[in-house]
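Engineer: pasting the structure only:
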């Protein structure tokens, strides 16, 4: 009806010209979804890289050397884990400003404790194994033992946890964008697209369901 056409405005449904339709400003949804993937994947991958690099190194050193360094590391990790992550994210993003770099750094810092605990737990279980004791008896330095003996064995569970971390980070970035604290418009991200589409669920549901589906599949 004419009323429904007026309500739709420029929100065109999927067609041959626009395979996934257009949004309220007439922008092609497929193009925005592809462009938004760059933001979501960049934040997801780089944040997890920060976490696995810094957290993995801290966890391995703490698990291998034990002592006071391990106590300080575990204490710092517990403090970060005890602090509500969403509150920390909202506070830091509101203070530093909304940008891909800031969001990546903050989420990356928040992911360090989890990777630290995984790396420390695996290192503790391996540091007294026969191949480590043999390397130590042959006069290998601590650096060589960490890099040549322990790292190849610790890296496997870290890689598995890294992939899980990427998925969680993509959802976290989407949640921030949904709340309006992600990458500022007009830059597209899946979370901001879901936020924009929720107001049109009754007349143009594809605006929210398409980015949500892409995030779910990823």
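Structural biologist: Perfect, I can see it now. The shown structure was predicted, so the numbers you read here are calculated from the model rather than taken from an experiment.
Engineer: what sits against residue 131?
Structural biologist: With contacts defined as CB atoms under 8 Å, 6 or more residues apart in numbering, residue 131 is in contact with residue 149. Glycine gets a C-beta too; all of them are placed from N, C-alpha and C.
Engineer: host element of the spatially most central residue of the chain?
Structural biologist: Averaging the C-alpha coordinates of the chain gives a centre point, and the residue nearest to it by CA atoms, centre = their mean is residue 169 (2.0 Å). Element membership for residue 169 (DSSP states H and E) is helix 151-178.
Engineer: run through who's touching the strand or helix carrying residue 87.
Structural biologist: Element membership of residue 87, judged by DSSP H and E, is helix 85-96. With CB under 8 Å, 6+ apart as the contact definition, helix 85-96 has outside contacts at 102, 103, 106, 107, 110, 172, 176, 179, 181.
Engineer: what's the farthest-apart pair in those?
Structural biologist: In the contacts of helix 85-96, the most distant members under the criterion CB to CB are 110 and 179, with 16.0 Å between them.
Engineer: higher neighbour count, these two?
Structural biologist: Relative neighbour count places residue 110 above the other of residue 110 and residue 179, with 22 against 15, counting by other CB atoms under 10 Å.
Engineer: from residue 165, how far off is the more buried one?
Structural biologist: With distances defined as CB to CB, to the nearest Å, the gap from residue 110 to residue 165 amounts to 10 Å.
Engineer: one more: residue 122?
Structural biologist: Distance of residue 122 to residue 165, given as CB to CB: 16 Å.
Engineer: ok, the two, which is more surrounded?
Structural biologist: With neighbours defined as other CB under 10 Å, residue 122 and residue 165 compare such that residue 165 has more, 25 against 22.
Engineer: ok, that one touching residue 113?
Structural biologist: No: contact criterion CB atoms under 8 Å: residue 165 and residue 113 do not qualify, at 11.6 Å.
Engineer: so where's the protein shaky on pLDDT?
Structural biologist: Of all residues in the chain, those with pLDDT under 70 make up the ranges 1-10, 12-13, 15, 19.
Engineer: mind listing the strands for it?
Structural biologist: Secondary structure of the chain by DSSP state E: no strands are present.
Engineer: which parts of it are helices?
Structural biologist: Taking DSSP state H as the criterion, the chain contains helices spanning 2-8, 29-50, 56-65, 67-82, 85-96, 100-126, 130-137, 142-144, 151-178, 190-197, 206-217.
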